[in-house]
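Enquirer: Structure for this input, please:
(one chain, ligands or ions: 1)
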Amino acid sequence: MDYQKILNEIDSELDKGKFGGKVADYIPELADVKEDCFGIHLCSLEKGNFAIGQNEQRFSIQSISKVFALTMAYPMLGEKLWKRVGVEPSGNPFNSLVQLEYESGIPRNPLINAGALVICDILISKLQNPKQEFLEFVQKLSGNPGIGFNKKVAESEKETGYRNVALASLMKSFGNIENLVEDVLDFYFYMCSIEMSCKELSQTFLLYANHGKHFVTGERILNASQSKRLSAILLTCGFYDQAGEFTFKVGLPGKSGVGGGIVAVFPEHYSVAVWSPKLNKAGNSVLGMEVLERLTTKTGLSIF
Ligand code: GLU
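Expert: This is a model prediction of the structure:
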């Protein structure tokens, strides 16, 4: 399989200007990102690295960070984790409040905002210096100590993230948040503000292609069962209320973020990240979805 040839073909065949979408502007700091940024990086377990465009430029990973938070919290709590957060797709927007009221403050899954806030609450309870230790964990997973938060993005979201305030407060009223709501939100906004490139994301996500073992150091981060379960959640819940459509078109587990990044994993083979900031109504990168659909179509390889 010549991945570089396939990526080159996808890049040259895509009439990028033809695709619509809108850069996320509900977080003021994200509104300034240039909408024509574009990068792809594919990291194969056997064949190395393949790339197109701005694959080394860092951007706001936003919800993709929720995968790393889950990866850190899951081994700490084990299966007890699932008492506080479910494993079902929500079928609702990522920041929706309605379901949470009906379901007594237990979020559908750890990848919607409410679920990620619960994971943040768990990490705050378990860690001495949550922001610092979480960042170090991501740096370790990625093998890159240069990765950091973007304070401006975090503070900008803090000023405007009223829905997240509502979600955390509602869950606190149901007893599913242990710490102060403002502490949970502060940690959550910083977590979402982490910046990484497609190259760093695809290298980090090799962990999930490698059954929970760090590809470079060999360190076991998740046991095989935890890695299976986390990947299952990526498949069923990783794309907001478009998880069904992503699986239908692409056929790989993955996660998107409103910064325009998407990372997908082909277990035992590769992980691939795409960045293009223009989003569809569900919050997924329009070009990102298109690229990945073409990748699994051209290679004829998906998990199905
Ligand atoms: N920080 C964003 C929010 O809470 C994350 C959204 C996302 O990427 O899905 O709205």
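
Enquirer: Sticking with the nearest residue to Arg84 once chain neighbours are set aside, tell me its helix or strand.
Expert: Distance criterion CB to CB, 6 or more residues apart in numbering; nearest residue to Arg84, sequence neighbours excluded, is Val118 at 5.3 Å. Using the backbone N, CA and C atoms, a C-beta is placed for each residue, glycine as well. According to DSSP states H and E, Val118 maps onto helix 113-126.

Enquirer: Next, count neighbours for Gln132.
Expert: 10 (other CB atoms under 10 Å).

Enquirer: and it, that one's in a helix?
Expert: Yes - counting by DSSP: H, G, I helix; E, B strand; the rest coil, Gln132 is located in a helix.

Enquirer: which residues sit in contact with it?
Expert: Shown in contact with Gln132 (CB atoms under 8 Å, 6 or more residues apart in numbering): no residues.

Enquirer: Quick check: Tyr3 touching Phe50?
Expert: Yes - between Tyr3 and Phe50 there is a contact at 4.3 Å, judged by CB atoms under 8 Å.

Enquirer: Which neighbours do these two have in common?
Expert: Leu42, Ser44.

Enquirer: Do the helix holding Val118 and the ligand come into contact?
Expert: Yes - contact of helix 113-126 with the ligand (CB under 6 Å from any ligand atom) involves Asn113.

Enquirer: what's that helix in contact with?
Expert: 63, 66, 69-70, 72-73, 76-77, 81, 84-86, 94-95, 100, 107-110, 130, 134, 163-164, 167-168, 171, 176-179, 183-185, 187-188, 191.

Enquirer: among those, which ones are buried?
Expert: 63, 66, 69-70, 72-73, 81, 84-86, 94-95, 100, 107-110, 130, 134, 163-164, 167-168, 171, 176-177, 179, 184-185, 187-188, 191 (16 or more other CB atoms under 10 Å).

Enquirer: In strands, which of the residues you listed fall?
Expert: Of the buried ones among the contacts of helix 113-126, none are assigned to strands by DSSP state E.

Enquirer: Now go through those residues and say which are in helices.
Expert: 66, 69-70, 72-73, 100, 130, 134, 163-164, 167-168, 171, 184-185, 187-188, 191 (DSSP state H).
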